[in-house]
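Visitor: fold the following, please.
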Amino acid sequence: MAPEDMALKLVNGEIEIPTPEYGQITLMILEHEKPVPKDADNPGEKTRDRVLVGMRIVDSNDNISEFGNLELPETWSLIMIHEPVEGGSPYGVVQVSNIEYDSSEDNNLFLDYTRLLVCCCFVSIYAE
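Guide: Below is the predicted model:
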């Protein structure tokens with residue numbers, strides 16, 4: 001199976017990952033804004049972002065190992081990684097998320113990069 005043919009599928013809340021021809025595929029389920037337990041020693045905020053809550057590993061023999069909770073939390077990211085076991089090269093990493101990003105002008109990275117580009121062009125023209 002070529003890398004471009006490998007796909008993670010989310011069907012009715014169930015996550016399907018392919019069986020690789022070689023190596024293994026690791027699927028990590030991350031929870032965003034996970035509340036920190038009240039009794040935890042926590043110098044930070046009341047929530048944590050991108051907490052690993054579950055993992056599924058499928059190898060080339062179609063052996064499946066599962067750890068933690070594989071149900072999707074309210075806000076999540078799925079990270080699929082292809083890893084060679086003995087030699088070879090990895091196909092890479094894909095991340096999918098259901099997080100909604102604030103699209104207000106103050107938080108819009110495109111506008112920030114556009115402003116930076118315009119500023120750099122202006123400085124370049126001025127320097128010449």
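
Visitor: for residue 37, see how far away the closest residue in space to residue 18 that isn't next to it in sequence is.
Guide: Spatially, and ignoring its direct neighbours in sequence, residue 18 is nearest to residue 6 (5.2 Å; Cβ to Cβ, 6 or more residues apart in numbering). In short, each C-beta sits where N, CA and C put it, glycine included. Per Cβ to Cβ, to the nearest Å, residue 6 is found 37 Å from residue 37.

Visitor: neighbour count: these two, which is higher?
Guide: Between residue 6 and residue 37, residue 6 has the larger neighbour count (other Cβ atoms under 10 Å), namely 18 against 8.

Visitor: where does this protein dip in pLDDT?
Guide: Low-confidence segments of the chain, defined by pLDDT under 70: 1-4, 100-128.

Visitor: tell me where it has helices.
Guide: 109-127 (DSSP state H).

Visitor: how about the strands in it?
Guide: 9-11, 14-16, 24-31, 34-35, 47-48, 51-59, 64-68, 76-83, 92-97 (DSSP state E).

Visitor: please work out which of the ones you listed is packed deepest.
Guide: Of all those, strand 24-31 has the most neighbours on average by mean count of other Cβ atoms under 10 Å, namely a mean of 20.

Visitor: check contacts around the most centrally placed residue in the chain.
Guide: The structure's the chain has its C-alpha centroid closest to residue 95; by Cα atoms, centre = their mean the separation is 3.3 Å. Residues counted as contacts of residue 95 (Cβ atoms under 8 Å, 6 or more residues apart in numbering) are 77-80.

Visitor: 10 Å instead, please
Guide: 28, 30, 50, 77-81 (Cβ atoms under 10 Å, 6 or more residues apart in numbering).

Visitor: okay, it and residue 60: tell me how far apart.
Guide: Distance, residue 95 to residue 60, using Cβ to Cβ: 23 Å.

Visitor: what do you get for residue 92?
Guide: According to Cβ to Cβ, residue 92 stands 17 Å off from residue 60.

Visitor: likewise for residue 72?
Guide: Distance from residue 72 to residue 60, by Cβ to Cβ: 26 Å.
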